[in-house]
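Asks: Build me a structure from this.
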Amino acid sequence: MDDTEFALLTLLGRDGRAGYPELARATGLSESTARRRVERLRDLGAVFFDVEFVPTLFGYEAEATMVLTVPPARLAEVGAALASHREVPFAAAVTGAASLMAVVVCRDTDALYTYVTERIGAVDGVGQVEVIPALRSVKRAGMLVEGERLVDPPPAL
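Replies: Model prediction:
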């Protein structure tokens, strides 16, 4: 990577919503060149885009973290099953008393109950499930939340 690509990454690190016109102005590139450089960084795996949102803003009122015990021989299979569920935006293998952890987002508590009893209950290899409901979000990955609205990040230094 060169200095221009590091400049693109720096700007995107401060504001992932920066558009190609802003990226071009900040680096002295044309918009089309800025677009090609960002695509190159994506192709290299140096940058990726992830969307973070507050589920309640879209009508999803029940969010929980689940920790599951799974025998080591079934870990990959059960992890893949969880990752395929639309209710699970994040799943990971962990160490300790549990072997898998997942974040679950459902329309309401009835849907969360159905998800745990019917979807998780049907996955072979799941031993024990602990459901930890999220009562309130104060900070999400990279963004502050007040009530049901996002708080603009402080300006970069």
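
Asks: so where's this structure uncertain?
Replies: Where the chain drops to pLDDT under 70, the residues are 139-157.

Asks: Helices of that one, residue ranges please.
Replies: Along the chain, the segments classed as helices by DSSP state H run 3-14, 20-27, 31-44, 75-84, 109-114.

Asks: Which residues outside the first one are in contact with it?
Replies: Looking back up the chat, that one is helix 3-14. 1, 18, 22-23, 26-29, 34, 37-38, 40-41, 46-47, 156 (CB atoms under 8 Å, 6 or more residues apart in numbering). (C-beta placed from N, C-alpha, C; glycine too.)

Asks: at 10 Å instead, please
Replies: Here helix 3-14 makes contact (CB atoms under 10 Å, 6 or more residues apart in numbering) with 1-2, 18, 22-29, 33-34, 37-38, 40-41, 44, 46-47, 49, 153, 155-157.

Asks: From the recorded domain assignment, give the ranges for the chain.
Replies: 3-44, 55-134 (automatic domain parsing).

Asks: Need the outlier residue of the chain, farthest from its centre.
Replies: Farthest-out residue of the chain from its mean C-alpha position, per CA atoms, centre = their mean: Gly28, at 32.1 Å.
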